[in-house]
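coordinates only, sequence not included:
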């Protein structure tokens, strides 16, 4: 008698979805891994693509290649449009369906504009590889347009970069753009002084890196200001348009505006009619299942759960990986008929780079700042990259930037030289 393998469908090949897939190796399951992109992205380093420090190929890997030695895994390049929980079917936007016995939703999040979606056309965010290359184009083109601009006011606007949101992504972007302007580009242009570029970091809250300890937050702000970043705190942005950004009741003219202030979850909660928080994240049960649907799990940026000593689990890669591991272990336990327990998040620490030689690390009782923290930050990120070639490539790129202030990925793509 042939036993049909348990059908597991995983939607999303980010950190959580990929970890679930890896942890189910050897289990009596048949896995279908669905993603609307054909690659897994190491999102913590995406800002380095946007700032021309790394190439796209150094932080992304084809999903099919990652699954090449897993014959029980079928990879589908497709966009999910919904879930029919009653029939246990995942709905694809081309009208097809994929049946499941267990479903894992690891669909991630996008940037949120707090009810002002019209701002997205003027201030792109940073979540996908396409976002990274688009921002890289905006940043590099700004210097190219300034080189040709003869009007001093318009040139100043071309050389003004505004980042909205002072979390890790905003801080890392601001610091890297400032260092690029001050150390990488000065010798490349003839008509402009790139060191005169303004990098303005705007935060509605009272401090940068709000998730870090107060002393590390203060150090990060001081370090940013030392390398030329203007930090504006306690000022909410009230308007973003083609001319610039409005905060504090005044318009700051800037041709490059970057959004790093908020995220909104995928529509997974809408697909299932499940309870969600204000950011659209599914409010899951203690074991990461959807209320009323024990056969459906949701993980990563898709969910909201207070599993960190009663506090919300942060939307970071290690959390998604831990959730993926928990889901895989729960599925295997169920197949054995064993009992399962709730998910418990273990925080390994928070890290943020400030510049090419500075970072802050918060491990709770143990905190680091400065150059030593930067080296630990770099080693930690290299460790989590997939494959020896990528680790070596990124390490060499960083060493070259560290030693020579040169960024090899300064390529303008996705357009011509037409002035806009």
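Done, it's in. None of the values given here were measured: they were computed from a predicted structure.

Distance from the chain centre to stretch 43-59, please.
11 Å (C-alpha atoms, centre = their mean, to the nearest Å).

So what touches that stretch?
Counting by C-beta atoms under 8 Å, 6 or more residues apart in numbering, stretch 43-59 makes contact with 14-15, 41-42, 126-129, 131-133, 135-136, 139-140, 169, 172-173, 176-177, 180, 317, 381, 385, 390, 393-394, 397-398, 401, 407-411, all of which sit outside it. Glycine gets a C-beta too; all of them are placed from N, C-alpha and C.

what's the answer for stretch 318-332, then?
6, 8, 14-20, 22-24, 27, 29, 102, 104, 106, 287-288, 297, 299-301, 303, 313, 340, 343, 345-348.

and what of stretch 143-157?
Contacts for stretch 143-157 (C-beta under 8 Å, 6+ apart): 158-159, 181, 185, 189-192, 194, 197-198, 243-244, 253-255, 412, 417, 419-420.

Restricted to strands, list the contacts of stretch 318-332.
6, 8, 29, 102, 104, 297, 303 (DSSP state E).

didn't the first one look like it was pressed against residue 24?
No: judged on C-beta atoms under 8 Å, residue 6 makes no contact with residue 24 at a distance of 9.7 Å.

Name the residue in those two with the higher neighbour count.
Set residue 6 next to residue 24 and count neighbours by other C-beta atoms under 10 Å: residue 24 wins out with 25 against 18.

got a list of what the more buried one touches?
8, 31, 328, 331-332.

now, the most widely separated pair of those residues?
Greatest spacing in these, by C-beta to C-beta: 31 and 332 (12.5 Å).

Looking at these two, which one has more neighbours?
residue 31 (23 against 18).

Surely the more buried one and residue 73 touch.
Yes: between residue 31 and residue 73 there is a contact at 4.6 Å, judged by C-beta under 8 Å.

anything in contact with each of those two?
Counting by C-beta under 8 Å, 6+ apart, the contacts common to residue 31 and residue 73 are residue 21.

can you give me the helices in the stretch 151-300 of the chain?
Assigned by DSSP state H, counting those that start in this stretch, the stretch 151-300 of the chain shows helices spanning 152-158, 168-179, 214-226, 268-272.

which residues in the stretch 101-250 of the chain form strands?
Secondary structure of the stretch 101-250 of the chain, counting by DSSP state E, counting those that start in this stretch: strands at 102-105, 109-111, 160-164, 198-203, 229-233, 237-240, 244-247, 250-253.

List the buried residues of stretch 25-32.
Buried residues in stretch 25-32, defined by neighbour count with 16 or more other C-beta atoms under 10 Å: 27, 29-32.

for these, which one is nearest residue 120?
The shortest approach to residue 120 among the buried residues of stretch 25-32 belongs to residue 32, at 31.8 Å (C-beta to C-beta).

Angles on the backbone of that closest one, please.
With angles defined as degrees, to the nearest 10, residue 32 sits at phi -120, psi 120.

Who does it form a beta bridge with?
residue 9, residue 74 (DSSP bridges).

Can you read off the pLDDT for it?
With respect to pLDDT, residue 32 has a value of 98.

How about residue 207?
Per-residue pLDDT puts residue 207 at 97.

Run a quick neighbour tally on it.
Using other C-beta under 10 Å, residue 207 has 16 other residues around it.

what's the answer for residue 307, then?
22.

okay, and the helix or strand of the chain with the least pLDDT?
helix 388-404 (a mean of 84; mean pLDDT, DSSP states H and E).

Output the contacting helices and strands for that helix.
With contacts defined as 3 or more C-beta pairs under 8 Å, 6 or more residues apart in numbering; DSSP states H and E, helix 388-404 has these neighbours: helix 371-384.

Give me the angle between the helix it packs on and helix 388-404.
160 degrees (axes from the mean of the first three to the mean of the last three C-alpha atoms, to 10 degrees).

Can you tell me which helices and strands helix 371-384 packs against?
Partner elements for helix 371-384 (3+ C-beta pairs under 8 Å, 6+ apart): strand 350-355, strand 358-362, helix 388-404.

I would like the residues contacting the last one, please.
It stands for helix 388-404. By C-beta under 8 Å, 6+ apart, helix 388-404 touches 45, 53-54, 58-59, 61, 356-357, 378, 381-383, 385, 406-409.

Report the rounded mean pLDDT for stretch 109-124.
Per-residue pLDDT values over stretch 109-124 give a mean of 93.

Which positions in that stretch come out as buried?
109-113, 119, 122-124.

what sits up against that stretch?
By C-beta under 8 Å, 6+ apart, stretch 109-124 touches 125-127, 131, 134-135, 138, 162, 164, 240-242, 245, 257-266, 279, 281, 301-302, 315.

redo that, cut-off 6 Å
Contact with stretch 109-124 is made by 125, 127, 134, 240-241, 257, 259, 262-265, 301, as judged by C-beta atoms under 6 Å, 6 or more residues apart in numbering.

And for stretch 207-217?
Against stretch 207-217 from outside (C-beta under 6 Å, 6+ apart): 166, 171, 220-221, 350, 352, 360, 362, 367.

Off-centre distance for that stretch?
19 Å.

got it, and stretch 95-115?
Relative to the centre of its chain, stretch 95-115 is centred 16 Å away, using C-alpha atoms, centre = their mean.

in which helix or strand would I find residue 91?
According to DSSP states H and E, residue 91 maps onto strand 89-92.

strands paired with that strand, and their directions?
strand 80-84 (antiparallel), strand 97-99 (antiparallel).

who wins for proximity to residue 229 among the ones you listed?
Closest among the strands paired with strand 89-92, once you apply C-beta to C-beta, is strand 80-84, at 39.5 Å.

for the record, mean pLDDT for that closest one?
Averaging pLDDT residue by residue across strand 80-84 gives 98.

Give me the contacts around it.
Identification of contacts with strand 80-84 by C-beta under 6 Å, 6+ apart yields 11, 90-91, 93, 271-272.

change it to 10 Å
Contacting residues not belonging to strand 80-84 are listed as 9, 11-12, 34-36, 89-95, 97-100, 103, 105, 107, 266-268, 270-273, 290, 293, 296 [C-beta atoms under 10 Å, 6 or more residues apart in numbering].

What's the PyMOL line that selects buried ones from those residues?
Per 16+ other C-beta under 10 Å, the buried members of these correspond to this PyMOL selection:
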select buried, resi 9+11+12+34+35+89+90+91+92+98+100+103+105+107+266+268+271+272+290+293+296
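
could I get the helices and strands packed on helix 371-384 as JSON lines with mean neighbour count and distance to residue 235?
Output for the helices and strands packed on helix 371-384, formatted as JSON lines (neighbours: other C-beta atoms under 10 Å; distance: least, C-beta to C-beta, whole Å):
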{"stretch": "strand 350-355", "mean neighbour count": "24", "distance to residue 235": "21"}
{"stretch": "strand 358-362", "mean neighbour count": "24", "distance to residue 235": "23"}
{"stretch": "helix 388-404", "mean neighbour count": "15", "distance to residue 235": "32"}
